[in-house]
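[1] got a predicted structure plus its sequence, pasted below:
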Amino acid sequence: MRKRTFYFLTLLVVGLTLEVCGEGLAGVVVEQVVRDIEGGSSKVLLYFSDGVFRTDHPATGLTTIMGFKEDRLMMIDHQSRSYVDVKLSQWEKEVARQLKEEIPGVILKERKIIVKRTGRNTVINGFRVEQIEVWAEGELIEENWMTRDVELTEIEKVMDRVAQGFSKDFRLEMKEGREIYEKLKPYGFPILIKDYTTTYGLGPKDRLEVKKIERKELEKEVFLPPAGYQRIVPKSPKK
């Protein structure tokens, strides 16, 4: 079963432009809770600044940093005090290749995607939100509670770049995810995403919820591997 926007957004939770200078950077910090299919939850922290993005997963001790201009991807393991530093373009190609090999020989049908405003408005975690439904071939697959209460310029710089990278060579569900992202974009930023596809008609299940969005100065070290961590050079994938 395709993951659509949620799967797409989990891939968006990796991005960085290593263009850091000066002692501090004006930025945005987003605290969110991500839930898996079984209902387990984990906190994720996102850091944006001038086209820069970092994600932290405290439960697993993992951090991801991407550099679009420098063509870099850093994956940091805080438990082992080590990190991998590779070319972002090469990583995108490798992930695309792996996705194509997941279900070899299966041809996925392109679906017509429609987003609908329901007219429902409420407040979630202090944000004024509007309910937007996502339909695919007449099936309700998702509802997004979107807000315009936040300045989206810095966030959109990163999300747009990742959307472009993941739409060119990836499988159909990734292209579908980008289409959903583009159609939701005019309504703001998702504060709560509910998934209808895993409950078999029993109602939606929460998949992602934003708890807090804060504008603050970020030190340049936020977008660099910690001092003293060991750099690991990964082996080239076999042809």
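    All right, it came through fine. Please read all numbers here as calculations on a predicted model, not as lab measurements.

[2] need the next SSE after the strand or helix carrying Ile155, C-terminal direction.
    Counting by DSSP states H and E, the element that carries Ile155 is helix 153-165. Using DSSP H and E, the next helix or strand after helix 153-165 towards the C-terminus is helix 172-184.

[3] buried ones in that following helix, by neighbour count?
    173-181, 184 (16 or more other C-beta atoms under 10 Å). All C-beta atoms are positioned from the backbone trio N, CA, C, and that covers glycine.

[4] what's the answer for stretch 185-199, then?
    Buried positions in stretch 185-199, judged by neighbour count with 16+ other C-beta under 10 Å: 187-197.

[5] what does stretch 69-80 give?
    Using 16+ other C-beta under 10 Å as the burial criterion, the residues of stretch 69-80 that qualify are 72-78.

[6] mean confidence (pLDDT) on stretch 217-230, please.
    Mean per-residue pLDDT for stretch 217-230: 91.

[7] low pLDDT regions in this protein?
    Applying pLDDT under 70 to the chain flags the ranges 1-25, 51, 99-100, 102-108, 151-154, 156-158, 160-174, 199-202, 236-239.

[8] any idea which helix is longest in it?
    Longest helix in the chain, counting residues (DSSP state H): helix 88-102.

[9] after it, heading C-terminal, what element do we hit next?
    Toward the C-terminus, helix 88-102 is succeeded by strand 113-124 as the next helix or strand (DSSP H and E).

[10] that following strand to helix 172-184, inter-axis angle?
    60 degrees (axes from the mean of the first three to the mean of the last three C-alpha atoms, to 10 degrees).

[11] can you name the element that comes right after strand 113-124?
    Sequence-wise, the next helix or strand downstream of strand 113-124 (DSSP H and E) is strand 127-136.

[12] on contacts alone, who are the packing partners of that following strand?
    Contact partners of strand 127-136 among helices and strands, from 3 or more C-beta pairs under 8 Å, 6 or more residues apart in numbering; DSSP states H and E: helix 4-12, strand 113-124, strand 139-147, helix 172-184, strand 189-195.

[13] do that again at 7 Å, thanks
    Strand 127-136 sits against strand 113-124, strand 139-147, with contacts defined as 3 or more C-beta pairs under 7 Å, 6 or more residues apart in numbering; DSSP states H and E.
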